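S.K.: Fold the following for me, if possible:
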Amino acid sequence: QLQLVESGGGLVQPGGSLRLSCAASGSTLDYYAIGWFRQAPGKEREGVLCISHKGQSTNYADSVKGRFTISRDNAKNTVYLQMNSLKLEDTAVYYCAAVWGMCGSKGGFYDYWGQGTQVTVSS
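M.R.: Purely as a prediction, here's the structure:
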C-alpha cells in the first residue's frame, strides 16, 4: 500500500520561497504520476501541478505559472514542489496525491493522498 507524507510547509513572507516534499513508502513511485493540490479556507480543492511517471510536468493552475515547479527523485522516492515568489493567495493546505501512470487534473482521478502540509504566506 502506497503511503504519502508531505513536509516543508510553514510560514513565509510574500515573495519568499518554500520547497514541499512528498515522500512515499510502501511502494516505489517509479510508475506513479504525482499531483500537488491545494485547498484554501472556504475554497474548493484545486490542482496545482503534476508530474507523470516519465517526468513530464503539467500545470493546472494559471496562478502559479512561472513561480512553482515540480520535480521528482525516484531514487529517493520523493516528489518536490518548489514554490517561489509566494503570494498571500498561495496560503492553503497542500496535498500530494498519486495515480498509476499519467496525470489528471481532478482529485478524484488519484488513488492515494497524503495528509497535507500547511503553507501560510503572511507579512
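
S.K.: which other residues reach the lowest-mean-pLDDT helix or strand in the chain?
M.R.: The least trusted helix or strand in the chain, going by mean pLDDT, DSSP states H and E, turns out to be strand 57-59, with a mean of 94. Outside strand 57-59, the residues that touch it by C-beta atoms under 8 Å, 6 or more residues apart in numbering are 48-52, 65, 68-71, 103, 105. Every C-beta, even on glycine, is put in place using the N, C-alpha and C of the backbone.

S.K.: So in that sheet, which strands flank the next helix or strand after it, and in what orientation?
M.R.: Per DSSP states H and E, strand 57-59 leads on to strand 68-73 as the next helix or strand towards the C-terminus. Within its sheet, strand 68-73 is paired with strand 78-83 (antiparallel), according to DSSP bridges.

S.K.: coming back round to it: can you name the two of the contacts of strand 57-59 that sit furthest apart?
M.R.: Checking the contacts of strand 57-59 against each other with C-beta to C-beta, the farthest-apart pair comes out as Ser71 and Ser105, at 19.2 Å.

S.K.: quick one: average confidence on stretch 93-107?
M.R.: Mean pLDDT, computed over stretch 93-107, is 94.

S.K.: What is the end-to-end distance of it?
M.R.: The first and last residues of stretch 93-107 sit 14 Å apart, counting by C-alpha to C-alpha, to the nearest Å.

S.K.: same deal with stretch 106-117?
M.R.: First-to-last distance for stretch 106-117 - C-alpha to C-alpha - comes to 19 Å.

S.K.: next one: stretch 9-16
M.R.: Calculated as C-alpha to C-alpha, the first-to-last residue distance of stretch 9-16 is 12 Å.
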